[in-house]
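[1] coords please:
(2 chains)
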There are 2 protein chains.
Amino acid sequence: MKITDRKTDIVSISAKLFKEKGYSAVTMRDIAQALEIKAASLYNHIKSKQEILGLIVVGIAEEYTFTIRTIEISEATSIQKIENVIQLHIDITVKNPDALASLNNDWMHLPKAELSYFLQMREEYEDIFRRIVKKGIVDGEIKNLNSEVIIFSILSTIRTLYLWYGKKKEFSAATLKSNLSKVLLEGIV
Amino acid sequence: MKITDRKTDIVSISAKLFKEKGYSAVTMRDIAQALEIKAASLYNHIKSKQEILGLIVVGIAEEYTFTIRTIEISEATSIQKIENVIQLHIDITVKNPDALASLNNDWMHLPKAELSYFLQMREEYEDIFRRIVKKGIVDGEIKNLNSEVIIFSILSTIRTLYLWYGKKKEFSAATLKSNLSKVLLEGIV
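    Below you'll find the predicted structure:
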């Protein structure tokens, strides 16, 4: 999805406002004010708050989905693929925590067509992750434990990372990258 | 906290309603209706919706806090203590998923005194968990990885278990118990 520079500003400022005040409480006027432009001028770039939400949520969801597709068909081992998925989540979290808050809290407010596109991407994402884990178990690379428990355990951690990372500003992306994969893949014992 | 049998019914029906409709949307009348009693009769047992929320949230939070205190001072190794904490979360999740939804979504609506008691318990809980992990690292039982990453990784999984478990009714508590500790403690490689 190609968006102009002005739209990039609108999207990032809006994501910040949605996170701070809650999507429902934010008006187009608030967004214009935060951008220091007139409301009329904002409407030259964007039709509605829902359109902005679509740009935020669909943008991030496409980044996840397109990347995990590439990861699945790569030559890497299953464990390396899972490690790449973990790194992908860390990268997006570090780069764009506000947009992730919107993706997690506000997706249900998407316009109908984008909502169904979003839900379809989310399902595809989980299906790909599930296939990677199951193949790893079949190939003997991953321990023969319940695959759904493995999937839940890893996804619940990497999907809530933005909540925790937002409070821990002292953490470098490098510390996170070198530690989180180890904890999730090799355990702590 | 000792509560009468009638209160137990009120609490469990209310937790279910709060989860289904959202705390703010539920009225005392809805609760009376679900219990098949008159609203006036409900007020004989309980003064307000907030009082019910207090019983739900404080009840669960005390169960977590009192149990983790016992776990910390037990003779077990650090790894066994963490395993006991994981089992505690599974037990409460399996027994009471509705109350956990309330604890996670509605705690901010608690009356002031109970809110501060709840926040204090939540902090104590995290402090105890942190001490267990750090002691395990110092004693060489747990790998020398970043302790905050370990704590986040385990807590994010066991705290969101109720969301996932609610959708996976085919899972027995036994499958969960035997798999989740292994995945979290020993990893998947």
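[2] tell me which residue in chain A sits closest to chain B.
    A:Gly187 (3.1 Å; Cβ to the nearest Cβ). (C-beta placed from N, C-alpha, C; glycine too.)
[3] what are the boundaries of the helices in chain A?
    A:5-21, A:28-35, A:39-45, A:49-73, A:78-95, A:97-106, A:112-138, A:147-159, A:161-165, A:173-186 (DSSP state H).
[4] switch those helices over to a markdown table; also include mean neighbour count and mean pLDDT.
    Below are these laid out as a markdown table (neighbours: other Cβ atoms under 10 Å in any protein chain shown; pLDDT from 0 to 100):
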| stretch | mean neighbour count | mean pLDDT |
| --- | --- | --- |
| helix A:5-21 | 18 | 92 |
| helix A:28-35 | 16 | 96 |
| helix A:39-45 | 13 | 92 |
| helix A:49-73 | 18 | 97 |
| helix A:78-95 | 20 | 97 |
| helix A:97-106 | 20 | 93 |
| helix A:112-138 | 16 | 97 |
| helix A:147-159 | 21 | 96 |
| helix A:161-165 | 19 | 92 |
| helix A:173-186 | 18 | 94 |
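[5] so which of these comes closest to B:Leu115?
    Among the helices of chain A, helix A:161-165 comes nearest to B:Leu115, with 20.0 Å by Cβ to Cβ.
[6] contacts for the closest one, please.
    A:89-90, A:93-94, A:97, A:100-101, A:104, A:171, A:176, A:180, B:152, B:156 (Cβ atoms under 8 Å, 6 or more residues apart in numbering or on different chains).
[7] check stretch A:78-89 too.
    With Cβ under 8 Å, 6+ apart, stretch A:78-89 has contacts from A:64, A:67-68, A:71-72, A:74, A:76, A:129, A:132-133, A:135-136, A:139, A:141-142, A:154, A:158-159, A:161, A:177, A:180-181, A:184-185, B:188-189.
[8] what residues does chain A put near chain B?
    A:79, A:82, A:136, A:141-143, A:145-146, A:148-150, A:152-154, A:156-157, A:160-161, A:164, A:168, A:171, A:175-176, A:179-180, A:182-189 (Cβ under 8 Å from any Cβ of the partner chain).
[9] pLDDT score assigned to the residue of chain A closest to chain B?
    For A:Gly187, the model assigns a pLDDT of 97.
[10] backbone dihedrals for it, please?
    Dihedral pair for A:Gly187: phi 80, psi -170, per degrees, to the nearest 10.
[11] how many residues are close by it?
    Using other Cβ atoms under 10 Å in any protein chain shown, A:Gly187 has 21 neighbouring residues.
[12] isn't it right next to B:Glu186, touching?
    Yes - at 4.3 Å, A:Gly187 counts as touching B:Glu186 under the criterion of Cβ atoms under 8 Å.
[13] quick one on the thing from earlier: relative to A:Ser24, how far out is the residue of chain A closest to chain B?
    41 Å (Cβ to Cβ, to the nearest Å).
[14] ok, now how distant is the closest residue to A:Thr160 other than its chain neighbours from B:Asp139?
    Distances taken as Cβ to Cβ, 6 or more residues apart in numbering or on different chains place B:Ser156 nearest to A:Thr160, at 4.6 Å, with adjacent residues excluded. When distance is defined by Cβ to Cβ, B:Ser156 is 24 Å away from B:Asp139.
[15] for A:Leu100, give me its contacts.
    Contacts of A:Leu100 (Cβ under 8 Å, 6+ apart): A:Ile60, A:Ile92, A:Thr93, A:Tyr162.
[16] likewise A:Ile137?
    A:Lys143, A:Asn144, A:Leu145, A:Ser147.
[17] report pLDDT for the second one.
    A:Asn144 is assigned a predicted lDDT (pLDDT) of 97.
[18] list phi and psi for it.
    phi -80, psi 70.
[19] which non-adjacent residue is nearest it?
    A:Ile137 (5.9 Å).
[20] cool, and A:Arg122?
    Closest to A:Arg122 by Cβ to Cβ, 6+ apart is A:Ala61, at 6.8 Å.
[21] quick one: residues contacting the one you found.
    Contacts of A:Ala61 by Cβ under 8 Å, 6+ apart are A:Leu103, A:Phe118, A:Met121, A:Arg122, A:Tyr125.
[22] for those, which two are the farthest from each other?
    Among these, A:Leu103 and A:Tyr125 lie farthest apart (Cβ to Cβ), at 11.7 Å.
[23] show me the contacts for A:Thr77.
    Here A:Thr77 is in contact with A:Gly136, A:Glu141 (Cβ under 8 Å, 6+ apart).
[24] how close does it get to B:Ile158?
    28 Å.
[25] cool, and A:Arg159?
    The value you get for A:Arg159 to B:Ile158, if Cβ to Cβ is used, is 15 Å.
[26] same question for A:Glu186.
    Distance from A:Glu186 to B:Ile158, by Cβ to Cβ: 19 Å.
[27] just A:Glu72 next, same as before
    Taking Cβ to Cβ, one finds A:Glu72 at 28 Å from B:Ile158.
[28] A:Phe171 too?
    For A:Phe171 relative to B:Ile158 (Cβ to Cβ), the value is 21 Å.
[29] then A:Lys81?
    For A:Lys81 relative to B:Ile158 (Cβ to Cβ), the value is 25 Å.
[30] run the chain-centre distance for stretch A:40-57.
    Relative to its chain's centre, stretch A:40-57 lies at 20 Å (Cα atoms, centre = their mean, to the nearest Å).
[31] which residues are contacting it?
    A:1, A:3-4, A:6-7, A:10-11, A:14-15, A:18, A:23, A:26-28, A:31-32, A:35, A:99, A:102-103, A:106-107, A:109-111, A:114, A:118.
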